[in-house]
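Colleague: Here is my input; please provide its structure:
(chains A and B)
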Amino acid sequence: MAAVMPAPAASRHLMSGNEAVARAVWEAGVKVAAAYPGTPSTEMLEVISTYPDIYAEWSVNEKVSLEVAIGAAYAGSRAFCCMKHVGMNVASDALMTLTLTGVVGGLVIAIADDVGLSSSQNEQDSRYWGRFAHVPVFEPADSQEAYEMTLAAFELSEQFQVPVILRMTTRINHVKALVTVGERLVRVGPGFKKDPARYVMVPGNAGKRIPLMFKRDGELRALAEQSPLNLIEPGSDRRVGFVTSGPAYMHVKEAFPNAPVLKLGFSWPVPFDKCRELAALVDQVVIVEEVEPLVETELKAQGLKVLGKEIMPLQGELAPAVIKPIIARLLGENVPDSMSPAVAAQVFPRPPTMCVACPHLGVYYTLSQVRNLNISGDIGCYTLGAGHPWQAMDTCVSMGASMGIALGMDKGRGEADKDKRIVAVIGDSTFLHMGMQGLLDMVYNKANVTVLLLDNRAVGMTGGQDNPGNGRDIYGEEAPRIDFVNLVKALGVKEERVHKVNPYELPVLFKTIREEVKVPDVSVIITDQPCVLIKDYHKLKPYEVLDDKCTGCGNCLDVGCPAIHVTRRGKEVKASGREVELAFVRIESSVCTGCGLCVQPCAPDAIQHYAPVSPIKLVKSGEVLA
Amino acid sequence: MTATSNILVVGIGGQGVMTATEILAEAAIALGHDAKKTEVAGMAQRGGVVSSHLRFGPRVLSPQIAPGEADVLLAFEAAEGLRWQHMLRPGAIALVNNSRFVPPVVELGLFDYPDDPVGQMKAVGTHVVAFDATTIALDLGDIRLGNTVMLGAIADHLPFPADSLLACVLKRFEKKGARMVDLNQKAFAAGRAAVGAVEAVTA
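Modeller: Model prediction:
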């Protein structure tokens, strides 16, 4: 993305939490910002990359992005990195020692928790990283707070020389609300000052830093007690008082406008005295937090009598409609009908689908046609291969896990699986993120696994971001492009076991997979066609179904392309007496991009290039050519 | 309407639901309201369900509309209207594009598409105005105008004048030239007229 003129100071804009953080990062005078894409965090870095005078990068994974930010902060510049909740698991190795060295330039880590699992493999509560790593945590409740707390987090980070976590959730990252923006701070960092006792974390040095970390904990707690980010709103209905943070604060205010509330914006270390102050005001205290009982557990350990997850859900998003009936029951009130969830109509599910002409369609159609496979999958659009009609993925755990899990399935196979072929499926960006090490492990430990490396030249699921596999950087400018064939060979895969295949050529793909799964070695089959949503993809002439030729066999439906629609269904009794279901189809030619995948399994050759009705006919020697 | 207005816009990933809601939010803000817009859209790009919530008023707290509290439901697809009708408060209106977008799970025979989603909505007493925004857009020459047709459809069911919304729609297309502005103006008017025509018949 090209740099744009940032909006003037004091102007007000409708901004998502991600856009608000990006603006604050720019205003804070940050010099380096790094991230790996991940819903719901992705837009923070995308937007940062549009601002001038700030270096932004897509890193290969979250750990590297944090390390890049650490380096910049050691050098005295302000630095930022962001990630989704599971990304912090990857980056945590660096965080747990960063907390000992601390920083010079301010360093803020924004972690986006996908509460409610809109696009994730699990639900985590990233506030625990604050407790685990002894670093402060801020929790904004809307876009304006996300903006203000990002600025405050850089100040706190420099004041205590500590990284600060900005804990966000989907309802902060993706909600758009009004934000009043400010000026950019011009900041000149002091440069890197050598200090091995501080930056070289060998046991002798690290041991001396640990007491400093605990001392800092105490100072931060004292500050949290006084912080304007932790505010008691005394209210008038003293029957129940709430301790709450993040989006849950807005839900509580909406549901109980007159109740006393302690809003925790600076939520770690927990300000115990502030909580006691609220408890003294009310009959009982209820903790309303997404997701885990973190504040609740801390307060109970302090001997405070509070209610939390005994009555509140442990999973998913909170909302006024969730909280209201719970509190009504607590107070012994009747739950009126209007508080009970209205009954929703039973409608078919509409799971996400692969795109029309997606190159992964060819891969999964082929895998669904090969028998006797156990398929270890990974994270990306291609995880959809686990669904209908292919059902060609058997596991999905974490980024890059397809490699190690395939190796473990191979080595751990029981008698029942002795003839099973083990296949791993991984995308290009996931492979570069955390798959390479697993492949090396497979080679080193002599696995019998066939790897399908789906190179579509983009981080597809998060919106087609660039990565080292496609030769472009975050600004869309040319960057060194990794050669996957050479890369996997360098990791030790034998030359004759590496194949590059066009996933739209189904017979070639089928033959290659069937042959490689029989070889007791590590094979890598690389598919090399781009994501249909990026500019590398070129549309071809669309297809249509000739109605009089379609026999209703339904083979094309097994490809799983959303452009194919059933026009009518029927039944046919075969010579053998078996009754088969028929599905006659049409192709939505306006969205078909002519990949030709459905043409290949079509038995009666009923799929032809779309010939729009045209008044122009070419006439030559009396023959109609067109 | 109550102090806070709740507009629910629903459809399928890729239909422009989120953009439409954003334009509605811009119109509300231009008139001095506070506003919050939210949706869960992580995987929605892949043809999944999208529901976008817009709340506006003097001060908006929670961004989510509770079931039974939406003032207007604007549905970009028929079955999606049915899926979300329980979000409407009693007596509120649903504006539904009755063109159908049938997903692969239905084509594979795993689930059925309802025979008459709009009829089902009416059967439980929902006030539904159904019209064919897709055909209106195609008649104007471009299916992408469907988004503006939908915004035209809701224009007379908001607590502010239709022209305020139209101005925000056209602002989006200013840079794309006079022809795009003109086409979108027509699409907006056609959406308004389509809803008006249905209401005139049923009134």
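
Colleague: Show me the helices in chain B, by range?
Modeller: Assigned by DSSP state H, chain B shows helices spanning B:17-30, B:78-84, B:104-107, B:117-123, B:133-139, B:146-154, B:162-173, B:178-202.

Colleague: The stretch 501-626 of chain A now?
Modeller: For the stretch 501-626 of chain A, helices defined by DSSP state H, counting those that start in this stretch occupy the ranges A:506-516.

Colleague: Alongside chain B, which residues does it contribute?
Modeller: With the criterion set to Cβ under 8 Å from any Cβ of the partner chain, the stretch 501-626 of chain A comes near chain B through A:533, A:557, A:560-562, A:564-566, A:569, A:581, A:583, A:585, A:590. Using the backbone N, CA and C atoms, a C-beta is placed for each residue, glycine as well.

Colleague: Can I get the helices of chain B in CSV including mean neighbour count, mean pLDDT and distance to chain A?
Modeller: Putting these into CSV (neighbours: other Cβ atoms under 10 Å in any protein chain shown; pLDDT from 0 to 100; distance: least, Cβ to the nearest Cβ, whole Å) gives the following:
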stretch, mean neighbour count, mean pLDDT, distance to chain A
helix B:17-30, 22, 96, 6
helix B:78-84, 26, 96, 4
helix B:104-107, 20, 91, 5
helix B:117-123, 18, 95, 7
helix B:133-139, 21, 94, 10
helix B:146-154, 28, 97, 13
helix B:162-173, 17, 96, 11
helix B:178-202, 17, 94, 18
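
Colleague: Quick one: closest of these to A:R238.
Modeller: Using Cβ to Cβ as the measure, helix B:17-30 is the one of those that comes nearest A:R238, at 35.4 Å.

Colleague: I'd like to know which elements that closest one is packed against.
Modeller: strand A:12-16, strand A:176-180, strand B:5-12, strand B:34-39, strand B:49-57, helix B:146-154, helix B:162-173 (3 or more Cβ pairs under 8 Å, 6 or more residues apart in numbering or on different chains; DSSP states H and E).

Colleague: To A:G332, which of those lies closest?
Modeller: Proximity to A:G332, assessed across those by Cβ to Cβ, is greatest for strand B:5-12 (29.9 Å).

Colleague: So A:I165 belongs to a helix, correct?
Modeller: No. Using DSSP: H, G, I helix; E, B strand; the rest coil, the secondary structure at A:I165 is strand, not a helix.

Colleague: tell me the contacts of the closest residue to it other than its chain neighbours?
Modeller: If you skip the residues right next to it in sequence, A:I165 has A:V137 as its closest partner in space, 4.7 Å away by Cβ to Cβ, 6 or more residues apart in numbering or on different chains. Residues in contact with A:V137, defined by Cβ atoms under 8 Å, 6 or more residues apart in numbering or on different chains, are A:R127, A:W129, A:G130, A:V164, A:I165, A:L166, A:R167, A:F266, A:S267, A:W268.

Colleague: can you check A:D521 too?
Modeller: By Cβ under 8 Å, 6+ apart, the contact set of A:D521 is A:K446, A:A447, A:N448, A:K494, A:R497.

Colleague: next one: phi and psi at it?
Modeller: A:D521 has phi and psi values of phi -160, psi 180 when expressed as degrees, to the nearest 10.

Colleague: Please name the residues that touch residue 22.
Modeller: Went with chain A since none was named. Under the criterion of Cβ under 8 Å, 6+ apart, the neighbours of A:A22 are A:E43, A:M44, A:L45, A:V47, A:I48, A:Y51.

Colleague: was after chain B, sorry
Modeller: Contacts for B:E22 (Cβ under 8 Å, 6+ apart) come out as A:L14, A:K176, B:K37.

Colleague: got it, and A:I513?
Modeller: A:I513 makes contact with A:T366, A:L367, A:V370, A:V423, A:T450, A:L452, A:I525, according to Cβ under 8 Å, 6+ apart.

Colleague: In helices, which of those residues appear?
Modeller: Judged by DSSP H, the subset of those located in helices is A:T366, A:L367.

Colleague: Turn the contacts of A:I513 into a markdown table, columns for pLDDT and neighbour count.
Modeller: As requested, the contacts of A:I513 are arranged in a markdown table below (pLDDT from 0 to 100; neighbours: other Cβ atoms under 10 Å in any protein chain shown):
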| residue | pLDDT | neighbour count |
| --- | --- | --- |
| A:T366 | 98 | 26 |
| A:L367 | 98 | 21 |
| A:V370 | 96 | 16 |
| A:V423 | 98 | 27 |
| A:T450 | 98 | 28 |
| A:L452 | 98 | 29 |
| A:I525 | 98 | 24 |
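
Colleague: Tell me the residues of the stretch 151-300 of chain A that contact chain B?
Modeller: Residues of the stretch 151-300 of chain A lying close to chain B by Cβ under 8 Å from any Cβ are A:170-171, A:174-178, A:247, A:250-251, A:253-255.

Colleague: I'd like to know which of the residues you listed are buried.
Modeller: Applying 16 or more other Cβ atoms under 10 Å in any protein chain shown to those, the neighbour count classes A:170-171, A:174-178, A:247, A:250-251, A:253-255 as buried.

Colleague: With pLDDT added, can I get these in TSV?
Modeller: As requested, those are arranged in TSV below (pLDDT from 0 to 100):
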residue	pLDDT
A:T170	95
A:R171	94
A:H174	94
A:V175	96
A:K176	97
A:A177	97
A:L178	97
A:P247	97
A:M250	97
A:H251	97
A:K253	97
A:E254	95
A:A255	96
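
Colleague: Present these as TSV; the columns should include distance to A:L278.
Modeller: Written out in TSV, the entries for these read as follows (distance: Cβ to Cβ, whole Å):
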residue	distance to A:L278
A:T170	28
A:R171	24
A:H174	30
A:V175	26
A:K176	31
A:A177	26
A:L178	29
A:P247	20
A:M250	18
A:H251	18
A:K253	15
A:E254	19
A:A255	17
